[in-house]
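Asker: could you work out the structure for the sequence below:
(one chain, ligands or ions: 1)
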Amino acid sequence: LDPEEFRRLGHAVVDWVAGYRAGIGEHPVRAQVEPGWVRERMPALPEQPQPFDALLAELDRVVVPATTHWQAPGFFGYFPANASLHSVLGDLLSGGLGVQGMLWSTSPAATEVEQVLLDGLADALGLDPAYTWAGGGGGTIADSASSAALVALLAALHRTSGGAWRERGVDGTERVYVTAETHSSLAKAVRVAGLGAAALRIVPPSPGSLAMSAQAFAEMAAEDVAAGLRPVLVCPTIGTTGTGAVDPVREIALAAREHGTPGREIWVHVDAAWAGVAALCPEHRDVIDGVELADSFCTDAHKWLLTAFDASLLWVRDAAALPAALSITPEYLRNSATDSGEVVDYRDWQVPLGRRFRALKLWSVLHGFGLEGVRAHLRGHVALAAELESWIVAEPGFELAVPRSLSLVCLRLSAGDEATRALLERVNATGRVLLTHTVVDGRYVIRVAIGSVATEREHVEELWGLLTSR
Ligand code: PLP
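Answerer: Now for the predicted structure:
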């Protein structure tokens, strides 16, 4: 494509996306196809170049019917995967620039825009200034909260080994503390790091709650130290995936300090993948209480912060920690800017070498919405969830399974698990909405995660109508 042809086709693509989004409410939210449906319909690879318009027709024929419409207003499943159109435009700009931001020198703007945005967001979230570049820490945009947890664990392994981990690897004494509600990405990080399943310690919750008991964590860490084991990392979650539970970060971080020793400090990684962005609203800032005592904090812009996947925001309070664990510099990557020590090379903050200019889509969102617009987006969903919660409480036969967490409402029927499961299936089968489930204390629970960019009150009313229609 030459740039003129690209201009023509680009308009067609934008028209297609605009049309898709304008009509998104008309599709069944969940794809209604059987396994293999797409494979059977995919055309053979062409030997000859094909006109681009034909590809758009294929999207309508093969892709759209087999798509679960995450941007639909009736999408209430999992957690939201906001892809605001501002962020889509930012992604297009990033692809258009086509830069590879592995080193500062391979595209200074890719690095510095990211640094400035993450500093600005740290401030807007009310994070401790120690997480900013001026404060000795810094932020980066990872591809996912899973990757963020992995690199935090690698930095922790490096730190608690006194730097020996890079040479020697793990020795089987490492221990990582989570709860049964912690996202599975932590267990995966433990596996990827080669620690073995025994390294993962499941801390029980405080009585009557789903949140980690800081006291139980302290006791486990003390036992492990006494047994010659090495507590490496504890991961409190702010907003667990199942029910939105919030672990007591402050107490956990204080316990970590008590049971770590100089050179063997226990790394505290806070996973706030979904809920962390709520701290942009002063009235919800209490969710990040205690994060100032942690070592790293992660929240996904690609969940509830309007930014198309992938954009996971990770801050660490020691800017040297990730490069110390991860940096390897072959001759072909050496350059004078790196040697000067004055720049950040984000390749040292992640597992892959190459990296996209993800900051552009985030910038596009923050520029286009402004912080007030972002807060209105978050507040709108929390208000809708509060309304839904009040309807559930007032409705005979319905129960809240756990207290509402921000915009996540968990409900069940008093008639029992089978009735709740049947309700979920019946409501999803309408195609108007998509809900997902979890299990709390052995009981089946429907989760309603309000957070789609397009979701308005009328959509929550429609959902409630479907839930209560007999
Ligand atoms: N942590 C929590 C609490 C989550 O809810 C999720 C995903 O839902 C993740 C981590 C993983 O997110 P990602 O897809 O960014 O790796």
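
Asker: which residues of the stretch 101-250 of the chain fall in strands?
Answerer: 138-142, 174-178, 200-202, 230-234 (DSSP state E, counting those that start in this stretch).

Asker: just say which of those is most tucked in.
Answerer: Greatest average neighbour count among these goes to strand 230-234 (a mean of 28), per mean count of other Cβ atoms under 10 Å. From N, CA and C alone the C-beta is placed, and that goes for glycine too.

Asker: what comes up buried for the longest helix belonging to the chain?
Answerer: Ranked by residue count and defined by DSSP state H, the top helix of the chain is helix 359-394. The neighbour-count criterion (16 or more other Cβ atoms under 10 Å) identifies 359-366, 368-369, 374-375, 377-382, 384-385, 387-389, 391-392 as the buried residues of helix 359-394.

Asker: rewinding a little: adding mean pLDDT, write the strands of the stretch 101-250 of the chain out as CSV.
Answerer: Formatted as CSV, the strands of the stretch 101-250 of the chain follow (pLDDT from 0 to 100):
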stretch, mean pLDDT
strand 138-142, 98
strand 174-178, 98
strand 200-202, 98
strand 230-234, 97
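
Asker: those: which one's closest to the ligand?
Answerer: Counting by Cβ to the nearest ligand atom, the ligand lies closest to strand 138-142 out of those; the figure is 8.1 Å.

Asker: any idea how far residue 129 lies from residue 138?
Answerer: Distance, residue 129 to residue 138, using Cβ to Cβ, to the nearest Å: 11 Å.

Asker: what does the stretch 51-200 of the chain put close to the ligand?
Answerer: 79, 144, 145, 146, 183, 185 (Cβ under 6 Å from any ligand atom).

Asker: how about the nearest residue to the fourth one, chain neighbours excluded?
Answerer: In space, residue 146 comes closest to residue 185 once its chain neighbours are excluded; the distance is 3.7 Å by Cβ to Cβ, 6 or more residues apart in numbering.

Asker: got the domain ranges for this structure?
Answerer: What automatic domain parsing lists as the domains of the chain is 1-30+68-85+364-470, 99-356.

Asker: deepest-packed of those domains, please.
Answerer: domain 99-356 (a mean of 20).

Asker: what values do phi and psi take at the closest residue to the ligand within the stretch 251-400 of the chain?
Answerer: Relative to the ligand, the nearest point of the stretch 251-400 of the chain is residue 273 (3.5 Å; Cβ to the nearest ligand atom). Note on residue 273: backbone dihedrals following degrees, to the nearest 10 are phi -50, psi -50.

Asker: just checking, it touches residue 239?
Answerer: Yes. Using Cβ atoms under 8 Å, residue 273 is in contact with residue 239, at 7.3 Å.

Asker: circling back to that earlier point, list the contacts of the residue nearest to residue 146.
Answerer: 144, 145, 146, 149, 150, 271 (Cβ atoms under 8 Å, 6 or more residues apart in numbering).

Asker: any residues of the stretch 301-450 of the chain in contact with the ligand? List them.
Answerer: Counting by Cβ under 6 Å from any ligand atom, the residues of the stretch 301-450 of the chain that sit close to the ligand are residue 312.

Asker: the stretch 301-450 of the chain: helices as residue ranges?
Answerer: Along the stretch 301-450 of the chain, the segments classed as helices by DSSP state H, counting those that start in this stretch run 301-304, 321-326, 336-340, 359-394, 417-429.

Asker: can you add mean pLDDT and give these back as a markdown table?
Answerer: Converted to a markdown table, those look like this (pLDDT from 0 to 100):
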| stretch | mean pLDDT |
| --- | --- |
| helix 301-304 | 98 |
| helix 321-326 | 98 |
| helix 336-340 | 97 |
| helix 359-394 | 98 |
| helix 417-429 | 98 |
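
Asker: mind putting those helices into CSV with distance to residue 92?
Answerer: Below are the helices of the stretch 301-450 of the chain laid out as CSV (distance: least, Cβ to Cβ, whole Å):
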stretch, distance to residue 92
helix 301-304, 16
helix 321-326, 30
helix 336-340, 28
helix 359-394, 9
helix 417-429, 33
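
Asker: what about those helices, which gets the closest to residue 159?
Answerer: helix 321-326 (6.7 Å; Cβ to Cβ).

Asker: okay, residue 470: pLDDT?
Answerer: Listed pLDDT for residue 470 reads 77.

Asker: what about it, distance to the ligand?
Answerer: Residue 470 sits 33 Å away from the ligand, going by Cβ to the nearest ligand atom, to the nearest Å.

Asker: over to residue 435?
Answerer: Separation of residue 435 from the ligand (Cβ to the nearest ligand atom): 15 Å.

Asker: would you confirm that that residue contacts residue 446?
Answerer: Yes. With contact defined as Cβ under 8 Å, residue 435 counts as touching residue 446 (5.5 Å).
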